[in-house]
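[1] predicted model and sequence follow; I will ask about them next.
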Amino acid sequence: MQLQHHSSVILVGPMASGKTTLGKLLSKRLNLQFVDSDQDIEKRSGVSVRTIFEVEGEDAFRDRESKAIAMLAGQKGLVVATGGGAVLREQNRMALRQGGLVLYLKPDIETQLRRTTGDRKRPLLQNVDRRQFLTEMNAARDPFYRQVADLVVKVDNRPGKKMIGAILAKMVQKAWVTET
Ligand code: S3P
């Protein structure tokens, strides 16, 4: 499968929507390099996202995130998984739109809750009522994800391979990818 018309594919969407898992699978099918913006931030800083939140605070994390987004959006031939809050800043939204074909992975709340059971890595999910928090955050951010997205993909508990099959079928239909 080959990507057409766009330099990269960028995945946006809330926490636990499958950006990393589906991004890796998609990158293999499209023969592109996979990059995860949170992992890039962790590699550059040498510490975890959670530690950055704890030591420097969320604003400082968002500054690091904006730098990572600007850098990754400027590259070609990638499948980029972004953090759930990557769409919060307008400068990021502009960079994402210009950076490639943007897919919004939109999970149902049950899928998100199941996947985040016992999560200790995501700072925003600690010590909150997860159902309420995620429901409100999804609603608040949905317009931003839609603003940058070329396609909205509903994500449920289907296995990754099935999800990728459905995503690629849609991309072929739109002539964003060709079979060869
Ligand atoms: C965040 C999502 C996380 C990570 C950070 C903040 C958010 O990424 O960037 O914890 O604001 O939604 P994932 O979407 O990969 O969990």
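    Looks like it arrived, so ask away. Numbers count the residues shown, from 1 in each chain.
[2] and the protein, which residues reach the ligand?
    15, 19, 38, 49, 83, 84, 85, 122, 123, 124 (CB under 6 Å from any ligand atom). The way it works is simple: take the backbone N, C-alpha and C, and place the C-beta from them, glycine included.
[3] strands along this protein, start to end?
    2-3, 9-12, 33-36, 78-81, 101-107, 151-155, 177-178 (DSSP state E).
[4] so which elements touch the fifth one?
    Think strand 101-107. If you count contacts as 3 or more CB pairs under 8 Å, 6 or more residues apart in numbering; DSSP states H and E, strand 101-107 packs onto strand 9-12, helix 130-148, strand 151-155.
[5] got the angle for that strand vs helix 130-148?
    Interaxial angle, strand 101-107 versus helix 130-148 (axes from the mean of the first three to the mean of the last three CA atoms, to 10 degrees): 160 degrees.
[6] sorry, back to before: so which of the residues of the chain next to the ligand is the most crowded?
    When neighbours are counted by other CB atoms under 10 Å, residue 19 leads these with 27 neighbours.
[7] okay, the residues of the chain next to the ligand in TSV with distance to residue 177 next?
    TSV is the format used below for these (distance: CB to CB, whole Å):
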residue	distance to residue 177
15	27
19	18
38	26
49	31
83	25
84	25
85	28
122	31
123	35
124	33
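[8] now the two most distant members of the residues you listed.
    19 and 123 (17.2 Å; CB to CB).
[9] with mean pLDDT and mean neighbour count added, can I get the strands of the chain in a markdown table?
    Shown next, in a markdown table, are the strands of the chain (pLDDT from 0 to 100; neighbours: other CB atoms under 10 Å):
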| stretch | mean pLDDT | mean neighbour count |
| --- | --- | --- |
| strand 2-3 | 96 | 16 |
| strand 9-12 | 98 | 28 |
| strand 33-36 | 98 | 18 |
| strand 78-81 | 98 | 26 |
| strand 101-107 | 98 | 23 |
| strand 151-155 | 97 | 17 |
| strand 177-178 | 96 | 18 |
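[10] now those strands in JSON lines, please, with extra columns for distance to residue 61.
    Below are the strands of the chain laid out as JSON lines (distance: least, CB to CB, whole Å):
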{"stretch": "strand 2-3", "distance to residue 61": "30"}
{"stretch": "strand 9-12", "distance to residue 61": "17"}
{"stretch": "strand 33-36", "distance to residue 61": "15"}
{"stretch": "strand 78-81", "distance to residue 61": "16"}
{"stretch": "strand 101-107", "distance to residue 61": "21"}
{"stretch": "strand 151-155", "distance to residue 61": "25"}
{"stretch": "strand 177-178", "distance to residue 61": "33"}
